[in-house]
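Asker: Take a look and give me a structure for this.
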Amino acid sequence: MNDDGFAPARLFSQGYSYTYDDVILLPGFISFPADSVDLSTRLSRNVPLSLPCVASPMDTVSESAMAVSMASLGGIAVVHSNTKAEVQALVVRKAKDRRIPFVTTTPVYKPSDLVVELGDNEYGLVTEDGTAMSRLVGVVAASDWSNKGNVPVSEYMRKAPKSVSSSFDFDQVANYLENEGLDFAPLVSSDNEVLDLVTMKEIERIKSCPKLGKPSIGQDGKFLIGASIGTREDDKERLKLLIKEGVNAIVVDSSQGNSIYQIDMIKHIKSNYPEIDAIGGNVVAISQAERLIQAGVDGLRVGMGSGSICTTQEVCAVGRGQATAVYKVASYAKNHGVPVIADGGISNSGHIVKALSLGASTVMMGSFLAGSHEAPGTYQYTKDGKRVKKYRGMGSLEAMTKGSDARYLGDTLKLKVAQGVVGSVADKGSVLRFVPYTMQAVKQGFQDLGASSVKQAHEMVWNDELRLEVRSGAAQVEGGVHGLVSYEKKFF
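Answerer: Below is the predicted model of the structure:
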């Protein structure tokens, strides 16, 4: 091996804390097409994925719509716990009960209801008693209700059309509606619960996106869904509800995972539910990872203060540059068969390439997915006309009022100190569109490195075949768009 560039072990042992932008990977030898790159990986010991993408357990990122969309693409979402346990369990249930990549907020009414509030929905469902568990009797359209005054829904609702099984995947649902000549159809579970309303408009929207790849499906034939819990005693009841709904992985959510509270919770999970993978964190140092691995974790979440809305490093003076953190923790975790999730600091496809090349098995994304069609919340417009969605750190005071202060061990404190901010991110469209393009860019990055798979990229970093260097400030400027009066930056 020549001396061009630095081996990771040498670069990351010099006392500097590097971010992804601080380092650049040197190219390798190309002997395969980019489309042949295999991005399949593991979230944790026993949860395989076909894409290394994980949606972060944040209340402005991961609920049921994000969960089914990420699973449809081959990744996974971790449903946030910043809500009541029963509500979180319901979110998981809604995601597990379908094989299609969308969830709507279609309202349900009973025939005697006088006022129909459809909001942005074109249709509403009508059941015998106004609940999803009762027999479907009709459908009401926004155009039907207009100017009806105080007339019962039963007077103008449409006859209930043929329903479609919730066990159908997207192609089966699309073919069913097309073959039956239906504009919409209720999605009904095996126990006759009305789950949703599928419309041809939504089908056509998804068809306009890149073709769905290999989905993340568990042994039960349902989407793989993760969920987060805290480290307090009442989280054991939350855990029980999530297990009952069939969650596939549990993330013990804490900003600093090296605590007796998290260790006790991990031991509780593994002793009571050994079939469920427990993911610990967050950690950035080997000493932190060592304790959690000894406690029995099946995966490690790496990152502290690297997220765009996180101020932990600024407020608490604790953390680590994300590139250094990922490499250091992964170098220890690999000897114990524990996959690493690089959590935070992902702003582009190049950061994903770097994270995976430095030993991470997956990348967890918050801001990268926030603002998408599938993220919770409604779009708003700024004064200059930009379409945005709210995005907030779980350490922000706003999120803490909902219960996330336990994540920062601050739920018992009289004085609350923020470790995050509230902001907004631009409308990104659907994850079903931009994630496939992002993954294609990652494949091209792997091709340039000479790594035909995530597995080979890991082999390259651990045998020092991967070479990299630190970039100066000027080199970082040169590596981006520069020297232009104006430009338009489009990624696809």
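
Asker: okay, CA-based contacts and neighbour counts for the rest of this
Answerer: Will do.

Asker: who are the neighbours in contact with L25?
Answerer: Shown in contact with L25 (Cα atoms under 8 Å, 6 or more residues apart in numbering): 354, 449, 466-469.

Asker: rerun at 10 Å
Answerer: Each residue near L25 by Cα atoms under 10 Å, 6 or more residues apart in numbering is listed here: 5-6, 350, 353-354, 357-358, 445, 448-449, 466-470.

Asker: Return the subset of those lying in strands.
Answerer: In strands, judged by DSSP state E, the following of those are found: 468-470.

Asker: Quick check: of those, which lies closest to V329?
Answerer: Ranking the ones in strands among the contacts of L25 by separation from V329, with Cα to Cα as the measure, puts L468 on top at 18.2 Å.

Asker: From G350, how far off is the nearest residue to Y261 once chain neighbours are set aside?
Answerer: Of all residues beyond its chain neighbours, the one nearest Y261 is T231 (5.6 Å), with distances taken as Cα to Cα, 6 or more residues apart in numbering. Summarising the geometry, the distance separating T231 from G350, computed by Cα to Cα, to the nearest Å, is 34 Å.

Asker: Looking at these two, which one has more neighbours?
Answerer: Higher neighbour count among T231 and G350: T231, with 22 against 19, using other Cα atoms under 10 Å.

Asker: Now do the same for the more buried one: its pLDDT.
Answerer: In this model, T231 is scored at 93, pLDDT.

Asker: Next: the one 5 residues further on.
Answerer: Looking at K236, its pLDDT stands at 97.

Asker: list the contacts for it?
Answerer: 229-230, 242, 265, 268-269.

Asker: Confirm that L241 sits in a strand.
Answerer: No. Applying DSSP: H, G, I helix; E, B strand; the rest coil, one finds L241 to be helix, outside a strand.

Asker: Correct me if wrong: it contacts L90.
Answerer: Yes. Between L241 and L90 a contact is recorded at 9.3 Å, counting by Cα atoms under 10 Å.

Asker: worst-scoring helix or strand of the protein, pLDDT-wise?
Answerer: Taking all helices and strands of the chain together, the one with the lowest average confidence (mean pLDDT, DSSP states H and E) is helix 397-400, at a mean of 61.

Asker: and the next element down the chain from it?
Answerer: strand 422-426 (DSSP states H and E).

Asker: what's the offset of that next one from the middle of its chain?
Answerer: 17 Å (Cα atoms, centre = their mean, to the nearest Å).

Asker: One more: stretch 214-231?
Answerer: 11 Å.

Asker: Now do the end-to-end distance for that stretch.
Answerer: 34 Å.

Asker: just to revisit the earlier point, got a list of what the residue nearest to Y261 touches?
Answerer: Here T231 is in contact with 252-254, 257, 259-266, 406-407, 409 (criterion: Cα under 10 Å, 6+ apart).

Asker: Between the residues you listed, which has the least confident prediction?
Answerer: Comparing those by pLDDT, R407 comes last, at 56.

Asker: How about stretch 41-58, which residues are buried there?
Answerer: In terms of neighbour count (16 or more other Cα atoms under 10 Å), stretch 41-58 has its buried residues at 41-44, 46-58.

Asker: Sorry, slip of the keys, the one I care about is stretch 426-446.
Answerer: When neighbours are counted by 16+ other Cα under 10 Å, the buried residues of stretch 426-446 are found to be 426-428, 430-446.
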